[in-house]
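Student: From the sequence below, what's the structure:
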Amino acid sequence: MRTPHPNRRSFPRAPACCATAILLTVFACAHDASRELFEGVRLIHVRKEAPEPLSYFLVSIDLAAPGLRFTTTAPNGDAPRDTWTETTRDFVGSTGAQLGINASFFSYDNEPHTDVLGLAVSDGVKYSPWSRGLPYGVNFSKDNAVTFIEPASPAPTGYESRPSVPLYNAVAGNLRIVRDGKNTTVPEGKRHPRTAVGLTKDNTLLLLVVDGRHPEYSVGMTAHELAETLLRHGARDAINLDGGGSSTLVVADPEPRVVNVPLPFDLPEGAAVPERGIERKVGNNIAVFARPVKAE
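Tutor: Got it, this is the predicted structure:
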């Protein structure tokens, strides 16, 4: 997420809600819709018009579901910097996953490669240590245990974490927005598109993507509103990941498609908001592999 431009302008008026995002054709402009995507994986789309337009997508994942597994963006080996940038949709397609969201903050400089900011581990390969300013993380173990972690001290390798768990697939965020069932943020703040990861008491993973920067469709959330939303959906713990124009949710059913409307701060002068938003190449993603829903 970047600092807003002081001369940021409003986007042109968008078409009616059914033309705003591709997923709305599935939900038929429903204000609150839910469906099972895969075994143990459910997608909820919440759409509000008052007091201000808001749209967000919540994926709830039963971590005990058979066949479930996770991965994150792998390091690029001997190539420059940490990872190759790619859209979340391309990442889901290349891994053969069923679902994906953007994850870590990264050096946003329009290069084909980037440095991931904060802790990053992919399938047991550690390639980015903890860094100042991103002191919160989440780790997905090989057997799908989800643990919210922080840097340990001392940390001679830069990867020591508290609590101490074997790092398998881990990403970092800038805010621990929910801790032990309480909102840890302050009420003030600016509204942006957001991406967050939460966990409920009954071991359900929550992936939340909030649309924003589109006054006719969705204004986004503050960090405080993000935490309150996750609490309403049962979160016990949660962190804020990279947001803004990076915030993206992809579902492969079977072809990967973006279901939200990712938007940057500014569009070219005179341009209308694209129906499916504008995908950004990012430095790190989380992919979810799940089985098809069993036939009744």
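
Student: Who is A172 paired with across the strands?
Tutor: G137 (DSSP bridges).

Student: burial measure for it, as a count.
Tutor: 30 (other CB atoms under 10 Å). Any C-beta I mention is one placed from the backbone N, CA and C, and that applies to glycine too.

Student: Could you verify my assumption that it touches P129?
Tutor: No: using CB atoms under 8 Å, A172 makes no contact with P129, being 9.8 Å away.

Student: what separates P129 from D82, distance-wise?
Tutor: To D82, P129 is 11 Å away according to CB to CB, to the nearest Å.

Student: between the two, who's got more neighbours?
Tutor: D82 (22 against 16).

Student: Poorly predicted segments of the stretch 151-296 of the chain, please.
Tutor: Under the criterion pLDDT under 70, the flagged ranges of the stretch 151-296 of the chain are 267-271, 296.

Student: all helices of it, in order?
Tutor: 223-232 (DSSP state H, counting those that start in this stretch).

Student: which residues are common contacts for A172 and P129?
Tutor: L119 (CB atoms under 8 Å, 6 or more residues apart in numbering).

Student: who's I239 bridged to?
Tutor: R176, V197.

Student: What residues does it make contact with?
Tutor: So I239 contacts 136-138, 148, 173, 175-177, 196-197 (CB under 8 Å, 6+ apart).

Student: can I get the residues you listed in JSON lines with neighbour count?
Tutor: Formatted as JSON lines, these follow (neighbours: other CB atoms under 10 Å):
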{"residue": "Y136", "neighbour count": "24"}
{"residue": "G137", "neighbour count": "26"}
{"residue": "V138", "neighbour count": "24"}
{"residue": "F148", "neighbour count": "21"}
{"residue": "G173", "neighbour count": "26"}
{"residue": "L175", "neighbour count": "18"}
{"residue": "R176", "neighbour count": "18"}
{"residue": "I177", "neighbour count": "28"}
{"residue": "A196", "neighbour count": "29"}
{"residue": "V197", "neighbour count": "26"}
